[in-house]
Structures are given as structure tokens and as C-alpha cells.
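1. okay, structure incoming, though there's no sequence with it:
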């Protein structure tokens, strides 16, 4: 199959081609023009900030003696808030003119994954987490994004950092509760160094000690003053004394210990390789080529983790535009690409339920590792059948709207056998069936 660089730009780097768009873009300039900080922001949504949500929840919690009805009401509010965030994010992805920036948002949000499946607080703030800790840093410094995620209530609560207490801290000596290493481990294994990044279990423990005291103000009973703050450093929870991380001694410095630790991890060579591998896997092939990984890793290191420079370097990978490998669309990518191709701009509960049925609801990954990014994660028979059902549902949303199916095919996807697909589509008795078959076709599942 001959590659089309304009469709590669629209589908592989963007979120799916829209009718007529292919004819209007120059791939390189179209993509590079999106690599700017404001392109990744979600503005005009009127969604609440993290600070406002935490203040509201802190006030509702009061002294912690909530009735069963009050707790149920807050859970229902969390579900409603989550639904609003999901539909807003999906609509933005379907209509945005900067889909490369939006793809980067989704990549990094999955890299620093949180899940609403555990603590109720996360369902309230997961959307705000992406808007405030991910989007502003997509084309900024990697270290700033790590720090922003580390200090956000969604991450602090999801990976139990908010409840971690230094064993020798004042609070630890008084109540006997101790250290939680969950976040420290995932910060190393999943966010920075990678599982083979050269750290030890003792490094995990030392990092966990350095991060003690990082919590959420007013939300964790018995851990703070009760004042509402999205992030709070509580000294009485912090482990005193110096620590040793990656064979480097770090003097006692309170909250600055965690900042120093994050900086050390971000500058480590293993982090550059780990991040480069994930980026190349996402944009080029399930089995990343070592030369591509090396190029992106060196760019990451030389730029000190400048994600604007790294993003532009991805556009220089010849294999992304001309290589034979294709990437299988995740369920969310499939829904968004179909919406962009068909001109759908609103998403109701059925769309969210469809993503749930395909095990790919936003902010609901099964583990801190986030959702998978390869064909084996998403191409099982049951998921493909559900895609076909969703294709019928989305085509029905257009009613009897007439569409030139031949133009739609050439405008939106690379075709392995164009003539055969066109013939098959023309045999369908209604425009709805044509569009459903178009969206459900094998070629549309790839980018």
C-alpha cells in the first residue's frame, strides 16, 4: 500500500481526517504550526478548577461525619462531573483544529494515568487534572509536567501518596502509621526511568521517604490542618534526616527533597530512553526501531526534556510518514476519528457507554500503567464487533444526510484495496449503511 504523507499527518499525528482537509494541508507546516503551548489548552468550557472542587468537597465533608445520604450525593456529583468532563473532552477532540496537540495531550494523560475506579475524589478531579497538570505542559518542560502531576490531588490520592507518613516523623511516631511506596515506585517505573531504568528497591524507599508530607489539604482525615488546598506539604508527616537516591545523598530539605528527586529522575539517561520508546511506539510502530528511539532519546537529553523540541523531532522521523507499519486505533481514537470524518460534534451517554463496553473510558485504566498502545490490546473479536455496532449508531446520527462516499474514502484514510471497498459500499441500499460500513471497514481501524 502506497503511503500518503498528508493522510499520515492527519491520522497518525492528528486525530483523524475531516472531509476536504487532505487537499488543504502541507504535512510538515500543518503539524509544526500546532507545536505551541496554547494549542493544547481547553478553553471556554466553564468546567470547575481543581481548587474549586477541593474547596467544595472539603466544605461538604465538614468534620468527617457525613451521613450515608450525603456520601451518596457526593458520589453522584462525582459521576455527573466525570460525565461532563468526558463529553467535553470528546467534543473538543472531534472539532479541534489542532489535533496533533490534542493527541499529545492524550498521550501524556495516559502516560501519567489516574483512574476513577478507586477513590471517589479522583472522579471529581480527573478532568481538571488533565486540564491543569497535563495540557499546559504538553509543549513545555517534561520536568514541569512531572511536578504538576505529582502535586495534583488526583495523583496524590490515586497512588496513595496523600496517606504516606514518614516512620520517624512526628505523626509517624505518634500513631504508628507508616510509609506508602506506591507513588514512588510508579514515579520511577512508569513516569520516568522505566522498569529497567537502573534503580533498586532501596531507591524506591528513599524516594518515598523524600516525598512524605506531600498531601491534599483538608481532604485526608487526621493528616493536615483541614484547610482546603489542592496541594499541601505537611511537615509533621515528613521523614527527617538525609536520604540517598540513585547513589546521591540529598540533605534534609522538607518539600524541596521531593522537587530535587523529581529533577534527578527527569535528567537521568534512562528517562530519555524510556520516554523516547513510548513516543516512537505511539507514533510509528508497536515494535519501535532502535534508531528512531535513539534519535528521540538524544533529542530529549540535549534539550533537557523540552517537549516542544521533542515533538518537532518526531516530525523528522521518516518511518512515521513513509514506513510500512501502521498503528491500530484505540477505541477512543476510533470514536474520535469517526466523528471527525462524519462531522459529528456532540456526544451523549450512549457514546460514553460504548467506550465503556470497549474498555476504554477516559480516566479509567485498569492500572497505573495506563491503557495499552498496541494492536494486541484492542483487536480482539469482541471489541471489533462493538466497533461495528458503534459505527451503525454513529451513521444513524446523521439521518439521511447525503455523502459522496468516494470523496470521503479518498479524503480520510489510506486504502489497501480502494476499488473493492468502493464497490462494496455502492452496493449498500442507504447512505446510512454506506457510512456504517465505511467506519467499520478494516482500513478505518488503522492510522
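-> Ah, there it is. Everything numeric in this text was worked out from a predicted model, so none of it was measured.
2. contacting residues for residue 89?
-> 42, 127, 130, 362 (Cβ atoms under 8 Å, 6 or more residues apart in numbering). Heads up, the C-betas are built off the backbone N, CA and C, glycines and all.
3. which stretches of the stretch 201-350 of the chain form helices?
-> Along the stretch 201-350 of the chain, the stretches classed as helices by DSSP state H, counting those that start in this stretch are 201-211, 255-267, 269-283, 290-302, 307-314, 318-322, 331-342, 349-357.
4. mean pLDDT for the ones you listed: which is lowest?
-> Mean pLDDT per stretch puts helix 349-357 lowest among the helices of the stretch 201-350 of the chain, at a mean of 93.
5. for that helix, buried residues please.
-> Across helix 349-357, burial judged by 16 or more other Cβ atoms under 10 Å covers 351, 352, 354, 355.
6. run through the neighbouring helices and strands of that helix.
-> Judged by 3 or more Cβ pairs under 8 Å, 6 or more residues apart in numbering; DSSP states H and E, the packing partners of helix 349-357 are helix 68-95, helix 331-342, helix 381-396.
7. give me the angle between that helix and helix 68-95.
-> Taking axes from the mean of the first three to the mean of the last three Cα atoms, to 10 degrees, one finds that helix 349-357 is oriented at 100 degrees with respect to helix 68-95.
8. what stretches of the stretch 1-150 of the chain score poorly on pLDDT?
-> For the stretch 1-150 of the chain, the stretches with pLDDT under 70 are 1, 63-64.
9. in it, what residue spans correspond to helices?
-> Going by DSSP H, counting those that start in this stretch, the stretch 1-150 of the chain shows helices at 5-7, 27-32, 50-61, 68-95, 99-111, 120-129, 142-150.
10. what average pLDDT does stretch 428-435 get?
-> Averaging pLDDT along stretch 428-435 gives 91.
11. same question but for stretch 364-384, I mixed them up
-> The model assigns stretch 364-384 a mean pLDDT of 97.
12. circling back: now, of the helices of the stretch 201-350 of the chain, which is deepest in the fold?
-> Most buried of the helices of the stretch 201-350 of the chain, by mean neighbour count (mean count of other Cβ atoms under 10 Å): helix 331-342, with a mean of 25.
13. packing partners for that helix?
-> helix 68-95, helix 349-357, helix 381-396, helix 431-440.
14. residue closest to the middle of the protein?
-> Among the residues of the chain, residue 109 comes closest to the average C-alpha position under Cα atoms, centre = their mean, at 2.0 Å.
15. surely it meets residue 130?
-> Yes: in this structure, residue 109 is within contact of residue 130 by Cβ atoms under 8 Å, at 4.9 Å.
16. partner residues bridging residue 328?
-> Counting by DSSP bridges, residue 328 forms beta bridges with residue 446.
17. domain-wise, how is this structure divided?
-> Here the domain parsing of the chain from automatic domain parsing is 34-158, 161-267, 269-322, 328-445.
18. how far off centre is the shortest one?
-> Going back to what we said before, that points to domain 269-322. 18 Å (Cα atoms, centre = their mean, to the nearest Å).
19. between the two ends of it, how far is it?
-> Terminal residues of domain 269-322 are spaced 29 Å apart (Cα to Cα, to the nearest Å).
20. please identify the most buried of the helices and strands packed on helix 331-342.
-> By mean count of other Cβ under 10 Å, the helices and strands packed on helix 331-342 have helix 431-440 as the most buried, with a mean of 21.
21. report the distance from it to the chain centre.
-> That offset, for helix 431-440, works out to 30 Å (Cα atoms, centre = their mean).
22. pull the residues that contact that helix.
-> Helix 431-440 has contacts (Cβ under 8 Å, 6+ apart) with 338, 341-342, 387-388, 390-392, 394-396, 398-403, 405, 408-409, 424-426, 428, 444.
23. before we move on, back to that, to residue 4, which of the domains of the chain lies closest?
-> Nearest of the domains of the chain to residue 4, taken as Cβ to Cβ: domain 328-445 at 5.7 Å.
24. gap between that closest one and the chain center?
-> Taking mean C-alpha positions (Cα atoms, centre = their mean), domain 328-445 and its chain are 21 Å apart.
25. check stretch 68-75 too.
-> On Cα atoms, centre = their mean, the centre of stretch 68-75 falls 29 Å from that of its chain.
26. give me the contact list for it.
-> Applying Cβ under 8 Å, 6+ apart, the contact partners of stretch 68-75 are 57, 60, 66, 120, 123.
27. the same query, at a cut-off of 7 Å, please.
-> Contact with stretch 68-75 is made by 60, 120, as judged by Cβ atoms under 7 Å, 6 or more residues apart in numbering.
28. equivalent analysis for stretch 347-361, please.
-> The contact list for stretch 347-361 (Cβ under 7 Å, 6+ apart) reads 83, 86-87, 90-91, 330-332, 335, 371, 383, 386, 390, 393.
29. at 6 Å what do you get?
-> The contact list for stretch 347-361 (Cβ atoms under 6 Å, 6 or more residues apart in numbering) reads 86, 87, 90, 330, 331, 332, 383, 386, 390.
30. spatially nearest residue to the first one (excluding sequence neighbours)?
-> The shortest distance from residue 86 to any non-neighbouring residue, by Cβ to Cβ, 6 or more residues apart in numbering, is to residue 362 (5.0 Å).
31. so the one you found touches residue 88, yeah?
-> No: the criterion here is Cβ atoms under 6 Å, and residue 362 misses it with residue 88 at 10.4 Å.
32. returning to what we had before: could you export the helices of the stretch 1-150 of the chain as JSON lines, including distance to residue 163?
-> Output for the helices of the stretch 1-150 of the chain, formatted as JSON lines (distance: least, Cβ to Cβ, whole Å):
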{"stretch": "helix 5-7", "distance to residue 163": "48"}
{"stretch": "helix 27-32", "distance to residue 163": "43"}
{"stretch": "helix 50-61", "distance to residue 163": "16"}
{"stretch": "helix 68-95", "distance to residue 163": "19"}
{"stretch": "helix 99-111", "distance to residue 163": "24"}
{"stretch": "helix 120-129", "distance to residue 163": "12"}
{"stretch": "helix 142-150", "distance to residue 163": "15"}
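33. out of those, flag the one nearest residue 217.
-> helix 50-61 (7.6 Å).
34. same question for that closest one: list its buried residues.
-> 50, 53, 54, 55, 57, 58, 61.
35. residues making contact with that helix?
-> By Cβ under 6 Å, 6+ apart, helix 50-61 touches 74, 124, 125, 128, 132, 218, 228, 230.
36. pLDDT score for the last one?
-> Right, the one you point to is residue 230. At residue 230, the pLDDT value in this model is 94.
37. which residues are in contact with residue 310?
-> Residues in contact with residue 310 (Cβ under 6 Å, 6+ apart) are 299, 300.
38. need the nearest residue in space to residue 236, chain neighbours excluded.
-> What sits nearest to residue 236 in space, not counting adjacent residues and going by Cβ to Cβ, 6+ apart, is residue 170, at 4.3 Å.
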